[in-house]
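*Asks:* Mind looking at a prediction? Sequence and model below.
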Amino acid sequence: MALSTLQGRVLQGSLVMVWLGTAVVSAVEVHGQSLQLMRDAGVHQPGWQAAAIWGGIALDVALGLAMCVWPRRSTWIAALCAMGTMTLVATALTPDLWLHPLGPLLKNLPIAAVLWVLISDDTP
């Protein structure tokens, strides 16, 4: 399947917004929900909490910018691998997020599908 330029740009833009938006929200909530998420995951050492939160923020920014500047197959693969790894880690540490009413981990399934479409797209 070949995406039109508009379709590809819409998918690309939505993913850029997800990754950069997640980075912003995580930074704004660094002492609130981000920290609580670390506690819920069993991470209680302040150094590890900060490393995990800020490392996640840095990864989200890097992937969001890469998707914006280098929208190509290798970028989509990197994003899919990073998201898959984060989903597995989150599942191991806080499996209850799969049952959360707003679906923070369930949302990764359609995002993975969008990434797969972009990876599989055969237009240059």
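*Replies:* That came through fine. Residues are numbered from 1 along each chain as shown.
*Asks:* Quick check: the gap between Met107 and Ser14.
*Replies:* To be clear, residue 107 is Lys; Met isn't right here. 12 Å (C-beta to C-beta, to the nearest Å). C-betas here are computed from N, CA, C, even on glycine.
*Asks:* Gly32 too?
*Replies:* Counting by C-beta to C-beta, the gap from Gly32 to Ser14 is 26 Å.
*Asks:* who has more neighbours, the two?
*Replies:* When Gly32 and Ser14 are compared for neighbours, Ser14 comes out ahead with 13 against 9, by other C-beta atoms under 10 Å.
*Asks:* Please identify the helix or strand for the more buried one.
*Replies:* helix 5-28 (DSSP states H and E).
*Asks:* Can you name the residues in contact with that helix?
*Replies:* 3, 34, 53, 56-57, 60-61, 63-65, 67-68, 71, 79, 111, 114-115, 117-118, 121, 123 (C-beta atoms under 8 Å, 6 or more residues apart in numbering).
*Asks:* what is the mean pLDDT for it?
*Replies:* Across helix 5-28, pLDDT averages out at 96.
*Asks:* roughly how far out does that helix sit from the chain middle?
*Replies:* Its chain's C-alpha centre and that of helix 5-28 lie 9 Å apart, by C-alpha atoms, centre = their mean, to the nearest Å.
*Asks:* In contact with Leu63, which residues?
*Replies:* Trp19, Thr75, Ala78, Ala79, Ala82.
*Asks:* Before I go, just wanted to say thanks for your time.
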